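Participant: sequence and predicted model, in that order:
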Amino acid sequence: MLDKDKLKLTSSEIGSLWGEYVNGTMVDIVNKYMFSIIEDEQIKEVFADALETSKRQKDQISAFLKNEGFPVPIGFSESDLFKGKQRLFTDIFCLNYLHIMTLHGLLGHSTSLGVSVRKDLRLFYDSCDNDAKRMYHQTIELLLEKGSFQKDPFFYPSENPEYISSKDFTDGFFGKGRKLAATEIICISFNLKKSIMAKTLSIAFSQVAQTKEVRKFLTDSEKTADEQIKAFAKIMQVDNLPVPKSWETDVTTSTDSPFSDKLMLYHIGFLFQAAQNYHGAGLASAMRTDLVTTYEGTILKNLIVTKKWFDLMVKNRWLEQPPLAPNRKEIASQM
């Protein structure tokens, strides 16, 4: 009979642990900086919880990898944080950042749970998911309390359910037109908020980046995010629907970098890569031709950004290699 407690971790399980560790240590460093500059005690308390949670998860992931004989990734550490630097963000932006990154965590933990077989790993991701849910509730409650949570548009109910009765349903403002569906708003609003975060961080990081090539990439990524915001905002505005406000004014004029160029570059690349999941979901749910065209264009532009990001990360030897499948031909040639 198979001993379920002695199962080796699969390649997917190792990959999920590896990714969670690298991305988690990146966010942890940003959270540590934000915790050091936040003045609002309520927001500071939530960040303290986030930091404690991150340390607990990091230690557990390290233990899983070591027990399987895999090296723990380098990820990001105190060497990527320059302490005592000028304030780069407002307290409210820090809270919005934690909320958005918590959304990424919820998706990441669910995906990792979905590829996990061994019970101890499943229980670990269950606990990670519960941690993320707690943080999600905390950040929303505090944003609502401070009047800073941006709600999605409100719709008014129709009298009865209806079936689609016309092929014109697929026309956007390029055709006869029909209003946006509530199912389409989900992804549009989600993608807008993520692009606003990417643009704001690109602006902040470009102010403080130490090398010209990283600064150039960050400036270009800010323009790409801005184009995406405008494209989705145009679709919303045609239907007289509100667009989430930007966060640029929550970035100070500081040019004193609190982070390494490696961390800032990796962070923006992470956001653009993660956005592909959300754009893909939006494309799958889109039933209007203008939405399909917008998502396709956005995905293509993101691919261009991530290719430049990859080349720059590799050039600077900043991109860690994940565990690879064994090279059988190479092993055989050594015999």
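Facilitator: Looks like it came in fine. Numbers count the residues shown, from 1 in each chain.
Participant: ok, how many other residues are close to residue 258?
Facilitator: Counted with other CB atoms under 10 Å, the burial measure for residue 258 works out to 26 neighbours. Quick note: C-beta positions are derived from backbone N, CA and C, even for glycine.
Participant: can you pull the phi/psi pair for it?
Facilitator: Backbone torsions for residue 258, taken as degrees, to the nearest 10, come to phi -90, psi -10.
Participant: which ones are touching it?
Facilitator: 33, 81-83, 85, 88, 208 (CB atoms under 8 Å, 6 or more residues apart in numbering).
Participant: what's the lowest-pLDDT member of those residues?
Facilitator: Of all those, residue 85 has the smallest pLDDT value, namely 81.
Participant: hang on, that residue packs against residue 252?
Facilitator: No. Using CB atoms under 8 Å, residue 85 makes no contact with residue 252, being 11.0 Å away.
Participant: any idea which element residue 26 lies in?
Facilitator: Using DSSP states H and E, residue 26 falls within helix 11-37.
Participant: and that helix, what's buried?
Facilitator: For helix 11-37, burial by neighbour count (16 or more other CB atoms under 10 Å) applies to 13-14, 16-18, 20-35, 37.
Participant: burial count for residue 76?
Facilitator: Residues near residue 76, counting by other CB under 10 Å: 24.
Participant: look up how far residue 286 lies from the nearest residue to it once chain neighbours are set aside.
Facilitator: In space, and not counting its chain neighbours, residue 76 is closest to residue 25: 4.3 Å by CB to CB, 6 or more residues apart in numbering. The gap separating residue 25 from residue 286 is 35 Å, by CB to CB, to the nearest Å.
Participant: try residue 198
Facilitator: 21 Å.
Participant: neighbours around residue 297, how many?
Facilitator: Other residues close to residue 297 by other CB under 10 Å number 14.
Participant: that one should be in a helix, yeah?
Facilitator: Yes. Assessed by DSSP: H, G, I helix; E, B strand; the rest coil, residue 297 belongs to a helix.
Participant: what about the nearest residue to residue 22 once chain neighbours are set aside, neighbour count?
Facilitator: Nearest residue to residue 22, sequence neighbours excluded (CB to CB, 6+ apart): residue 75, at 4.7 Å. Residue 75 has 21 neighbours, counted by other CB under 10 Å.
Participant: how about residue 237?
Facilitator: Residue 237: 12 neighbours (other CB under 10 Å).
Participant: check residue 130 too.
Facilitator: Per other CB under 10 Å, the neighbour tally for residue 130 reads 11.
Participant: tell me the SS of it?
Facilitator: Classification of residue 130 using three-state DSSP returns helix.
Participant: starting at the chain centroid, how far to the helix or strand of the chain with the lowest mean pLDDT?
Facilitator: When each helix and strand of the chain is scored by mean pLDDT, DSSP states H and E, helix 328-333 comes last, with a mean of 74. On the basis of CA atoms, centre = their mean, to the nearest Å, helix 328-333 sits 38 Å off its chain's mean C-alpha point.
Participant: with stretch 52-71 instead?
Facilitator: 21 Å.
Participant: where does pLDDT dip in the stretch 51-200 of the chain?
Facilitator: In the predicted model of the stretch 51-200 of the chain, residues 166-177 satisfy pLDDT under 70.
Participant: before we move on, what SS does residue 178 have?
Facilitator: coil.
Participant: how many neighbours does it have?
Facilitator: Around residue 178 there are 17 other residues, counting by other CB under 10 Å.
Participant: is it true that it touches residue 288?
Facilitator: Yes. Counting by CB under 8 Å, residue 178 does reach residue 288; the two are 7.4 Å apart.
Participant: and the helix or strand where residue 110 lies, what's buried?
Facilitator: Assigned by DSSP H and E, residue 110 belongs to helix 91-114. Within helix 91-114, the residues that qualify as buried are 91-106, 108-109, 111-113, counting by 16+ other CB under 10 Å.
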